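Asks: With the sequence up front, the predicted model follows.
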Amino acid sequence: QVELVESGGGLVQAGGSLRLSCAASGRPFSWYTMGWFRQVPGKERELVAAISWNGGMTSYADSVKGRLTISRDNAKSAVYLQMNSLKPEDTAVYYCASDGRQFSWPLKGDYWGKGTLVTVSS
């Protein structure tokens, strides 16, 4: 059973930084593309960043390019989202996601964590 557990959310002032972590279990982590989505009430879930199974490919939403960086540590079965220069509009629940197919790209999001709240105050 695939399990994704996020951590690292919280309250930060505009211009500050946070680092989100996602611990994965239940299958060989290094075979699967991972990513982060975010959602605010009343809006659709948005793909923020994705990283391929070996870290060789990454993609970002235009709104976060240059500020957020996704990375992974296959030895630790973990994916991270370093968030710098945060803005109030980055406030959302952030979800870790993974694909169901091995070695697939781009990320579709077949498995989800429960989310972690990031609040950026102005």
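Replies: Ah, there it is. Source: prediction; values computed, not measured. Numbering: from 1, shown residues only.

Asks: neighbours around the closest residue to residue 90 other than its chain neighbours, how many?
Replies: Closest residue in space to residue 90, ignoring its immediate chain neighbours: residue 120 at 5.1 Å, by CB to CB, 6 or more residues apart in numbering. From N, CA and C alone the C-beta is placed, and that goes for glycine too. The number of residues packed near residue 120 is 19, by other CB atoms under 10 Å.

Asks: ok, now residue 110?
Replies: Residue 110: 13 neighbours (other CB under 10 Å).

Asks: Am I right that the residue nearest to residue 90 is in a helix?
Replies: No: according to DSSP: H, G, I helix; E, B strand; the rest coil, residue 120 belongs to no helix; its state is strand.

Asks: For it, give its distance to residue 38.
Replies: As judged by CB to CB, to the nearest Å, residue 120 and residue 38 stand 12 Å apart.

Asks: what's the overlap in contacts for these two?
Replies: residue 90 (CB atoms under 8 Å, 6 or more residues apart in numbering).

Asks: Count the residues that sit near the residue lying closest to residue 110 once chain neighbours are set aside.
Replies: Of all residues not flanking residue 110 in the chain, residue 100 sits nearest, at 3.5 Å (CB to CB, 6+ apart). Per other CB under 10 Å, the neighbour tally for residue 100 reads 12.
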